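Q: no sequence on this one, just coordinates:
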């Protein structure tokens, strides 16, 4: 283990959004990810570069997709779609095995009580 293995570097834009994040031994050398946001928002659109050497490729220009309420409904790098209920609580996460997101690998479903507390989590493969 080296001294700089747990280093982190974060750069911020004038409005406080992360514009660059680097971690591990490469944090100070500029190796990491440049954060790209949708115009006039703090909704993350993509990350150019890998945060970690073994990280997922999040550089697709629309890697993260949101609904009108600001909920992330798709993460293309993780091959996931997320469905929400009327309270904006996640009720279903669908994980796909292919890049086109057509073949379901597994689903995770959540059930909440009237107070919004999660009471059940069900995973199917």
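A: Cool, the structure landed. Just so we're clear, the structure is a prediction, and the values are computed from it rather than from any experiment.

Q: Tell me the buried residues in the worst-scoring helix or strand of the chain on mean pLDDT?
A: Within the chain, confidence by mean pLDDT, DSSP states H and E is lowest for strand 18-23 among all helices and strands, at a mean of 79. Of all the residues in strand 18-23, those buried under the rule 16 or more other C-beta atoms under 10 Å are 18, 20-23. Any C-beta I mention is one placed from the backbone N, CA and C, and that applies to glycine too.

Q: Now flag whichever of the residues you listed is closest to residue 117.
A: Distance to residue 117 across those (C-beta to C-beta) is lowest for residue 18, with 30.8 Å.

Q: From residue 123, how far off is residue 17?
A: Distance, residue 17 to residue 123, by C-beta to C-beta, to the nearest Å: 34 Å.

Q: ok, the two, which is more surrounded?
A: residue 17 (13 against 10; other C-beta atoms under 10 Å).

Q: That one against residue 42, yeah?
A: Yes - counting by C-beta atoms under 8 Å, residue 17 does reach residue 42; the two are 5.3 Å apart.

Q: Tell me which other helices or strands the longest strand seen in the chain touches.
A: Secondary structure assigned by DSSP state E gives strand 104-112 as the longest strand of the chain. Judged by 3 or more C-beta pairs under 8 Å, 6 or more residues apart in numbering; DSSP states H and E, the packing partners of strand 104-112 are strand 90-96, strand 118-124.

Q: make it 10 Å
A: Applying 3 or more C-beta pairs under 10 Å, 6 or more residues apart in numbering; DSSP states H and E, one finds that strand 104-112 contacts strand 80-84, strand 90-96, strand 118-124.
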